[in-house]
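Participant: Fold the following.
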Amino acid sequence: MSTRSQLEATQRIAVILGQQGSPLANVVHGVDDIRTLPRSVRERIVDALGEEFAARGIESNGEPNAYGLELEALTDACGLAWDDQETSTGGRQ
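Facilitator: Numbers count the residues shown, from 1 in each chain. Okay, here's the model as predicted:
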């Protein structure tokens with residue numbers, strides 16, 4: 001079962017992908033928890049979020065702006081590190 005914060009993160013990711021015109025927005029739309037999508041899809045989503053971060057999430061001094069911090073949190077919500085932890089421990093914690 002998805003938590004409210006995970007649902008909100010998934011919905012926000014769908015909005016950002018839609019603003020980018022990414023076909024991934026259609027994949028994410030209607031999903032309650034982005035972590036339920038296949039890892040290969042989530043990797044593509046993280047790549048798209050990274051492109052957005054590089055384009056609009058960094059101040060002139062190289063530090064992330066507020067939007068950049070949001071993008072970092074949304075990248076974390078995709079759960080790639082969570083998958084890596086699950087794999088290394090042999091199951092969910």
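Participant: From here on, just use CA atoms for contacts and neighbour counts.
Facilitator: Fine.
Participant: Just give me the residue closest to the centre of the chain.
Facilitator: With distances taken as CA atoms, centre = their mean, T75 lies nearest the centre of the chain, 3.6 Å away.
Participant: Okay, and that residue sits in which element?
Facilitator: Counting by DSSP states H and E, the element that carries T75 is helix 66-77.
Participant: just how off-centre is that helix within its chain?
Facilitator: 8 Å (CA atoms, centre = their mean, to the nearest Å).
Participant: hey, C-alpha coordinates of it in PDB?
Facilitator: The C-alpha trace of helix 66-77 is given here as PDB (Å, rounded to 0.1, in the frame of the first residue of the first chain):
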ATOM      1  CA  ALA A  66      14.100  25.100  -4.300                       C
ATOM      2  CA  TYR A  67      12.900  23.300  -7.500                       C
ATOM      3  CA  GLY A  68      16.200  21.400  -7.700                       C
ATOM      4  CA  LEU A  69      15.700  20.200  -4.100                       C
ATOM      5  CA  GLU A  70      12.200  19.100  -5.000                       C
ATOM      6  CA  LEU A  71      13.600  17.200  -8.000                       C
ATOM      7  CA  GLU A  72      16.100  15.500  -5.800                       C
ATOM      8  CA  ALA A  73      13.400  14.300  -3.500                       C
ATOM      9  CA  LEU A  74      11.300  13.100  -6.400                       C
ATOM     10  CA  THR A  75      14.300  11.200  -7.700                       C
ATOM     11  CA  ASP A  76      14.600   9.500  -4.300                       C
ATOM     12  CA  ALA A  77      10.900   8.700  -4.400                       C
END
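Participant: Before I go, just wanted to say thanks for your time.
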